[in-house]
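Engineer: fold the stuff below for me.
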Amino acid sequence: MTEIGRASCLIVDDEAPLRQVLMHLMRGDGFECFEAANGRDALDFLETHRVTLAISDIRMPRVDGIELLREIRARYPDTAVIMITAVADVDVAVKCLAIGAMDYLTKPFHLEEVRARVRQAMERRRLVMENRDYQERLEERVEAQARRLEEQFLMGIQSLAEALEVKDPYTRGHSIRVSHYSSVIARTLRLDDEMIWQVELGGHVHDIGKIGVREAVLNKQGPLTAEEYEHIMIHPVVGWRILAPLLGDAPIALNIVRSHHERLDGKGVPDGLRGRAVPLEARIAAAADAIDAMTSGRPYRGAEMTLEGAVEEIIRHGGVQFDPDVVDAVTTAASSGKLALIPRATKPLLTP
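Structural biologist: Sure, this is the predicted structure:
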């Protein structure tokens with residue numbers, strides 16, 4: 001089904017009588033018609049009007065039909081163009097079709113021939129636009145499906161991170177809390193929304209590498225030996241290797257996974273980064289991770305700290321272990337009440 005009956009047409013020719021003949025013909029077929037005496041006037045008109053079809057002579061003053069055709073194809077690709085000329089030149093016809101004309105007519109022509117060529121051009125235009133719309137909708141569906149797959153993947157990763165914690169009541173909910181504290185610090189630093197989102201994601205999955213740590217070490221109820229500590233500190237690299245192929249679009253989150261145990265003084269792991277070489281997002285997560293560790297407590301550490309006590313420790317190690325800007329953000333967020341501890345789950349898991 002063509003668009004004739006609800007379409008518009010621009011007739012471009014330097015011969016006024018021919019313009020009137022074509023306009024009369026096209027109006028009879030339901031087109032709303034406009035006219036221009038040359039290519040320059042046609043381009044001026046098209047700047048403020050969109051037409052379905054342009055029928056243009058080739059040889060005209062100012063801007064000729066070939067240049068008009070190029071401009072229409074470049075600027076108004078939805079407009080179908082039929083070229084008309086008094087010179088039967090195969091090379092010119094081929095050139096017009098190569099540029100993008102839908103058809104090519106030679107004067108003199110029969111009006112029924114014009115009608116037939118217009119119908120063909122409009123049908124081709126319809127098919128081209130339908131194909132383009134299909135491709136765009138297909139791309140949108142593919143993108144939407146990719147987003148859904150990514151969301152499902154991230155949910156799975158977060159569930160896995162939480163599953164690592166449920167066996168230990170002292171770390172249960174650790175990733176959620178680190179994600180939240182990191183987000184509060186990032187917002188206090190006035191970071192942009194995309195970075196805040198990735199900081200939250202990084203907090204959720206920062207310890208995913210612990211799936212590569214021996215369970216006996218991971219859940220040990222006493223102080224770690226030097227060998228055990230070295231073993232457990234492989235988790236940033238393990239986590240980074242697991243997630244790097246999957247979070248290519250989230251490099252900030254990946255930086256947190258790899259570098260949340262780096263220190264400002266260069267004595268951290270795994271890369272011994274120093275100062276500003278430690279990514280800002282990792283410096284944020286390091287402070288959030290430390291806050292949760294200090295306020296969660298462990299059997300061999302004694303009583304857990306209050307938030308105030310943890311903030312004092314963060315301040316005390318500022319400039320050595322923690323970034324001074326991040327320390328300032330922690331103190332600001334804590335004093336304003338935006339940084340508050342999330343209660344830990346204390347009930348044991350139900351067993352069958």
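
Engineer: list the contacts for residue 201?
Structural biologist: Listed by CB atoms under 8 Å, 6 or more residues apart in numbering, the contact partners of residue 201 are 154, 179, 247, 250, 253. Bear in mind the C-beta positions are built from the backbone N, C-alpha and C, glycine included.

Engineer: do you know how far it is from residue 229?
Structural biologist: Distance of residue 201 to residue 229, given as CB to CB, to the nearest Å: 27 Å.

Engineer: quick check: closest non-adjacent residue to the residue most central in space within the chain.
Structural biologist: Centroid-nearest residue in the chain: residue 249, 8.5 Å away (criterion: CA atoms, centre = their mean). Among residues not flanking residue 249 along the chain, residue 150 sits closest, at 7.9 Å (CB to CB, 6 or more residues apart in numbering).

Engineer: how about the strands in this structure?
Structural biologist: Taking DSSP state E as the criterion, the chain carries its strands at 8-12, 32-36, 53-57, 80-85, 103-106.

Engineer: mind giving me the packing neighbours of the longest helix anywhere in the chain?
Structural biologist: Looking across the chain with DSSP state H, the single longest helix is helix 111-165. The contact analysis (3 or more CB pairs under 8 Å, 6 or more residues apart in numbering; DSSP states H and E) places helix 111-165 against helix 16-28, strand 53-57, strand 80-85, strand 103-106, helix 174-188, helix 193-205.

Engineer: rank these by mean pLDDT and give me the bottom one.
Structural biologist: Among the helices and strands packed on helix 111-165, strand 103-106 has the lowest mean pLDDT, at a mean of 83.

Engineer: report the buried residues of that one.
Structural biologist: Within strand 103-106, the residues that qualify as buried are 103, 104, 105, counting by 16 or more other CB atoms under 10 Å.

Engineer: partner strands of it, with direction?
Structural biologist: Applying DSSP bridges, strand 103-106 is found paired with strand 80-85 (parallel).

Engineer: now the partner strand and helix 111-165, what's the angle there?
Structural biologist: 150 degrees (axes from the mean of the first three to the mean of the last three CA atoms, to 10 degrees).

Engineer: alpha carbons only: can I get strand 80-85 in CSV?
Structural biologist: Output of strand 80-85 as CSV, limited to C-alpha atoms (Å, rounded to 0.1, in the frame of the first residue of the first chain):
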residue,chain,number,x,y,z
ALA,A,80,12.1,10.0,-2.8
VAL,A,81,13.5,11.7,-5.9
ILE,A,82,12.6,11.3,-9.6
MET,A,83,14.8,13.1,-12.1
ILE,A,84,13.5,14.6,-15.4
THR,A,85,15.6,15.8,-18.3
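
Engineer: show me where the stretch 201-350 of the chain has helices.
Structural biologist: All helices of the stretch 201-350 of the chain, identified by DSSP state H, counting those that start in this stretch, fall at 215-218, 226-232, 235-243, 251-259, 280-296, 307-316, 324-336.

Engineer: what's the spacing between the fourth one and its chain's center?
Structural biologist: Mean C-alpha position of helix 251-259 versus that of the full chain (CA atoms, centre = their mean, to the nearest Å) differs by 18 Å.

Engineer: with the fifth one instead?
Structural biologist: A distance of 28 Å separates the C-alpha centroid of helix 280-296 from that of its chain, computed with CA atoms, centre = their mean.

Engineer: and for the second one?
Structural biologist: Computed by CA atoms, centre = their mean, the separation of helix 226-232 from the middle of its chain amounts to 40 Å.

Engineer: which ones are touching the spatially closest residue to residue 241 that is not a sequence neighbour?
Structural biologist: In this structure, residue 241 finds its nearest non-sequential neighbour in residue 209, 7.8 Å apart by CB to CB, 6+ apart. By CB under 8 Å, 6+ apart, residue 209 lies in contact with 234, 235, 236, 237, 238, 239, 240, 241, 242, 257.

Engineer: swap the cut-off to 10 Å and go again
Structural biologist: 164, 232-243, 257-258 (CB atoms under 10 Å, 6 or more residues apart in numbering).

Engineer: out of those residues, who's nearest residue 142?
Structural biologist: residue 243 (23.1 Å; CB to CB).

Engineer: I figured the closest one hits residue 250, correct?
Structural biologist: Yes - contact criterion CB atoms under 10 Å: residue 243 and residue 250 qualify, at 8.5 Å.

Engineer: overlap in contacts of those two?
Structural biologist: With CB under 10 Å, 6+ apart as the test, residue 243 and residue 250 both reach 201, 202, 205, 257.

Engineer: PyMOL command for the buried members of those?
Structural biologist: What follows is the PyMOL syntax for the buried subset of the shared contacts of residue 243 and residue 250, where burial is set by 16+ other CB under 10 Å:
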select buried, resi 201+202+205+257
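
Engineer: pick out the most distant pair among the shared contacts of residue 243 and residue 250.
Structural biologist: So, those by CB to CB: farthest apart are 201 and 257, at 9.6 Å.

Engineer: which residues do these two both contact?
Structural biologist: 243, 247, 250.

Engineer: tabulate those residues (TSV), appending neighbour count and pLDDT.
Structural biologist: Formatted as TSV, those follow (neighbours: other CB atoms under 10 Å; pLDDT from 0 to 100):
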residue	neighbour count	pLDDT
243	21	88
247	22	84
250	20	90
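
Engineer: which one of these is nearest to residue 196?
Structural biologist: Of the shared contacts of residue 201 and residue 257, the one sitting nearest to residue 196 (CB to CB) turns out to be residue 250, at 12.5 Å.

Engineer: which non-adjacent residue is nearest that closest one?
Structural biologist: Nearest non-adjacent residue to residue 250 (CB to CB, 6+ apart): residue 198, at 5.3 Å.
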